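Asker: Could you look at this predicted model? Sequence included:
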Protein chains: 2
Amino acid sequence: MVVVNGSQQAADLLARVWLDPGDAAVVEDPGYPEAALALRAYGVYVLPSPVDAEGLAVERLPAAGDPPLGGPRLVYVTPSHQFPTGTVLSLRRRLELLEWAAARGALVVEDDYDSEFRYEGRPLESLQGLDSAGLVAYLGSFSTALFPPLRIGYAVLPPALVEPFVAAKWLADRQTATLDQQVLADFIAEGHFARHLRRMGRLYRQRRDALLGALHEHLAGVVEPGGSGAGLHLVAWLRGELDESSVAEAAAANGVGVYPVSRFRLGSPGRPGLLLGYAALEASQIRAGTRQLASAIAGVTASQSSS
Amino acid sequence: MVVVNGSQQAADLLARVWLDPGDAAVVEDPGYPEAALALRAYGVYVLPSPVDAEGLAVERLPAAGDPPLGGPRLVYVTPSHQFPTGTVLSLRRRLELLEWAAARGALVVEDDYDSEFRYEGRPLESLQGLDSAGLVAYLGSFSTALFPPLRIGYAVLPPALVEPFVAAKWLADRQTATLDQQVLADFIAEGHFARHLRRMGRLYRQRRDALLGALHEHLAGVVEPGGSGAGLHLVAWLRGELDESSVAEAAAANGVGVYPVSRFRLGSPGRPGLLLGYAALEASQIRAGTRQLASAIAGVTASQSSS
């Protein structure tokens, strides 16, 4: 395990030590724009691959040897709570992905962001735990669970990657601030982190429930809530004809900040949706914001049908 | 000005945004091994260039167009207190270096490490201050002046480099821990940093004086102290026939840790010397250590002349 400045640095260093310019790599679509950009910055061809209700559609991954590229040498996934859709990569898909990677010698980067906050179901075993081929790099971070100003994450690496990764980390910035690491280690050892996770988990679940309740009350039949079993946000899927950017703009005019899912799409367009963050809002703010969002959607619907 | 995790990250990001694989870059010899390694990691050809009593020998810099390489596109220098020799880049050389860079459109990376602790003379104007061509990136760090566990440095960049550098920083690790930055900003604003520099400057000067005195007392005519007008260490140059590694090993056996200068040489060998750090030692430890070092040198001298 190597300590880094958050998952972004781990992804950057993995691209650096594992990939060459001209290599291909798969990212989820929709997915993290910064993961794709970090890969592209190294001259890597990014192949966006679709996500469905079971997470990354492994059977639709690009085959090896597609001209003019070689087969993908890396797959970047968020299996615990796919970003942004919130779906969980099913066990079947996890096993398929590992088999796919082993057949090609491709590295699976498992970004386990938001996994600390789970509200439903039993957690599935991580790809890293299921891996027997030494082809999974597991990335965790304390930035989301504690607070973003803290830039501490970690990478659990296949043994063969440890030495080059540590060398790349040393050249990138020597080390992650050790003072912050010491404070965090005490915070964990003294039990504060576990208490924080329990307390915030209860609070975030209440806020998620408030959002799901408000969506049901004000927007039933208009939006469909996506995966909300974990994390700090959910996607409200819109009916196909609604323009998500217009909705986001109208919501912003009503004082409600939402992200259109298209902002996280890398390849082809898809079903419109809105990313709704709920963790930082009181339940009363969530209810008021949902009413404003409903009014914004009604306005856009009226304007679209009259035009 | 962009905040980074210390000078190493700034050098790494500058290599990333300014250089392409196959480009050539100049580093000081002897110099920082990590600066050269960071450049090489991007497929850059590193050209070590000699340092003399005035710092980097600008008139001996490799010319443009040396086959098979193009001319150097970057020069990495430590003008305030050359690492490791401690020499100060003269004003004449500074102006020559800027002229050389402007003629080639090469970037000068001015790593101003250790500049906070100056014991003699008036500081020369920085290359960044003298630059009129927008070709100097100035790197500063708080790690040495405060403590290494803090990973905060900064880069003062030519305007044209700010946007690509900030983008590269975002992809590398988003941002430097903002909590640490806020604490440091308060520490500076409340005057603690200036007081710390004054207090430690007095203390380090006493320790430097103790080392110079002890070297004079125990090793006069045997070693020649190098540039000691600033910083936290000095180089004790040895007579040409003395093997510096044997001396360092014998000193270690006597409980004294010194670095052979050859550890920081990148190209051809040169005059043997030992890097002596004094900042973290009490004056009494410095005197005792110098006696041990003198005894180690005497032992190696006797063994070399008898063999």
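Answerer: That came in fine, so what should we check first?
Asker: The residue of the stretch 201-307 of chain A found nearest chain B - nearest residue in space that isn't next to it in sequence?
Answerer: When scored by CB to the nearest CB, the stretch 201-307 of chain A has A:Leu266 as its residue closest to chain B, at 15.3 Å. From N, CA and C alone the C-beta is placed, and that goes for glycine too. Once flanking residues are discounted, A:Leu266 sits nearest to A:Pro48: 3.8 Å by CB to CB, 6 or more residues apart in numbering or on different chains.
Asker: I figured the one you found hits A:Ala25, correct?
Answerer: No: contact between A:Pro48 and A:Ala25 fails when scored by CB atoms under 8 Å: they sit 10.3 Å apart.
Asker: State the pLDDT value of the residue of the stretch 201-307 of chain A closest to chain B.
Answerer: On the pLDDT scale, A:Leu266 is placed at 91.
Asker: Same check on A:Asp66?
Answerer: 62.
Asker: ok, A:Pro148 - contacts?
Answerer: A:Pro148 makes contacts with B:Thr178, as judged by CB atoms under 8 Å, 6 or more residues apart in numbering or on different chains.
Asker: what helix or strand is the residue nearest to A:Leu266 on?
Answerer: For A:Pro48, the element it lies in under DSSP states H and E is strand A:45-52.
Asker: who touches that strand?
Answerer: Contacts of strand A:45-52 (CB under 8 Å, 6+ apart): A:22-31, A:36, A:39-40, A:56-57, A:60-62, A:69, A:72, A:82, A:85, A:87, A:265-267, A:270.
Asker: before we move on, back to that, and A:Pro48 and A:Ala25? which has more neighbours close in?
Answerer: A:Ala25 (27 against 17; other CB atoms under 10 Å in any protein chain shown).
Asker: what secondary structure does the residue nearest to the more buried one when sequence neighbours are not counted sit in?
Answerer: Take A:Ala25 and drop its neighbours on the chain: the residue closest to it by CB to CB, 6+ apart is A:Leu74, 4.1 Å away. Look at A:Leu74: counting by DSSP: H, G, I helix; E, B strand; the rest coil, its state is strand.
Asker: Please parse chain A into its domains.
Answerer: A:2-188, A:194-306 (automatic domain parsing).
Asker: Next, the residue lying closest to A:Tyr119 once chain neighbours are set aside: phi, psi?
Answerer: Nearest residue to A:Tyr119, sequence neighbours excluded (CB to CB, 6+ apart): A:Arg205, at 4.7 Å. The phi and psi values for A:Arg205, taken as degrees, to the nearest 10, are phi -60, psi -40.
Asker: Can you give me the neighbour number for A:Arg205?
Answerer: 15.
Asker: Which pLDDT does the model give it?
Answerer: 96.
Asker: and if you look at the one 5 residues further on?
Answerer: You'll see A:Ala210 listed with a pLDDT of 97.
Asker: ok, it - contacts?
Answerer: Contacts of A:Ala210 by CB under 8 Å, 6+ apart are A:278, A:283, A:286-287.
Asker: Most neighbours out of those residues, which is it?
Answerer: Most surrounded of the contacts of A:Ala210: other CB under 10 Å gives A:Tyr278, at 25 neighbours.
Asker: my guess is that one contacts A:Val235, does it?
Answerer: No: contact criterion CB under 8 Å: A:Tyr278 and A:Val235 do not qualify, at 11.7 Å.
Asker: Contacts only, for the residue most central in space within chain A.
Answerer: Chain A has A:Phe83 as the residue nearest its centroid, 2.8 Å off, counting by CA atoms, centre = their mean. Residues in contact with A:Phe83 (CB under 8 Å, 6+ apart) are A:28, A:30-32, A:111, A:113-114, A:264.
Asker: now do A:Ala160
Answerer: A:Gly134.
Asker: so how far is A:Val17 from it?
Answerer: 10 Å (CB to CB, to the nearest Å).
Asker: Same question for A:Pro272.
Answerer: For A:Pro272, the distance to A:Val17 - CB to CB - is 38 Å.
Asker: higher neighbour count, the two?
Answerer: A:Pro272 (22 against 17).
Asker: Identify the residues contacting the residue nearest to the more buried one when sequence neighbours are not counted.
Answerer: Computed as CB to CB, 6+ apart, the closest residue to A:Pro272 that is not its neighbour in sequence is A:Glu244, at 3.8 Å. Under the criterion of CB under 8 Å, 6+ apart, the neighbours of A:Glu244 are A:238, A:260-262, A:272-274.
Asker: Look up phi and psi at A:Glu244.
Answerer: Per degrees, to the nearest 10, the backbone of A:Glu244 is at phi -70, psi -30.
Asker: cool, the one 10 residues further on as well?
Answerer: Dihedral angles phi and psi of A:Asn254 (degrees, to the nearest 10) take the values phi -90, psi 10.
Asker: Grab the nearest non-local neighbour of it.
Answerer: A:Gln292 (4.0 Å).
Asker: mind checking how far that neighbour is from A:Asp12?
Answerer: With CB to CB as the criterion, A:Gln292 and A:Asp12 are 38 Å apart.
Asker: higher neighbour count, those two?
Answerer: Between A:Gln292 and A:Asp12, counted using other CB under 10 Å, A:Asp12 has the larger neighbour count: 24 against 17.
Asker: for the stretch 51-200 of chain A, what spans make up the helices?
Answerer: A:91-104, A:127-130, A:159-173, A:178-189, A:192-219 (DSSP state H, counting those that start in this stretch).
Asker: Nearest to B:Glu96, out of those?
Answerer: helix A:159-173 (30.0 Å; CB to CB).
Asker: which parts of the closest one are buried?
Answerer: Buried residues in helix A:159-173, counting neighbours by 16 or more other CB atoms under 10 Å in any protein chain shown, are found at A:161, A:165, A:168-169, A:171-173.
Asker: For stretch A:50-68, what is the distance to the chain centroid?
Answerer: Stretch A:50-68 has its C-alpha centroid displaced from the chain centroid by 17 Å (CA atoms, centre = their mean, to the nearest Å).
Asker: Assign the closest residue in space to A:Gly86 that isn't next to it in sequence to helix, strand or coil.
Answerer: Leaving aside its sequence neighbours, A:Gly86 sits nearest to A:Gly227 (CB to CB, 6+ apart; 2.9 Å). Here A:Gly227 takes the coil state, with states given by three-state DSSP.
Asker: how many other residues sit next to A:Gly227?
Answerer: By other CB under 10 Å, the burial measure for A:Gly227, its neighbour count, is 18.
Asker: what's the answer for A:Arg40, then?
Answerer: With other CB under 10 Å as criterion, A:Arg40 counts 15.
Asker: unless I'm mixing things up, A:Gly105 is touching A:Leu135, no?
Answerer: Yes: using CB under 8 Å, A:Gly105 is in contact with A:Leu135, at 7.2 Å.
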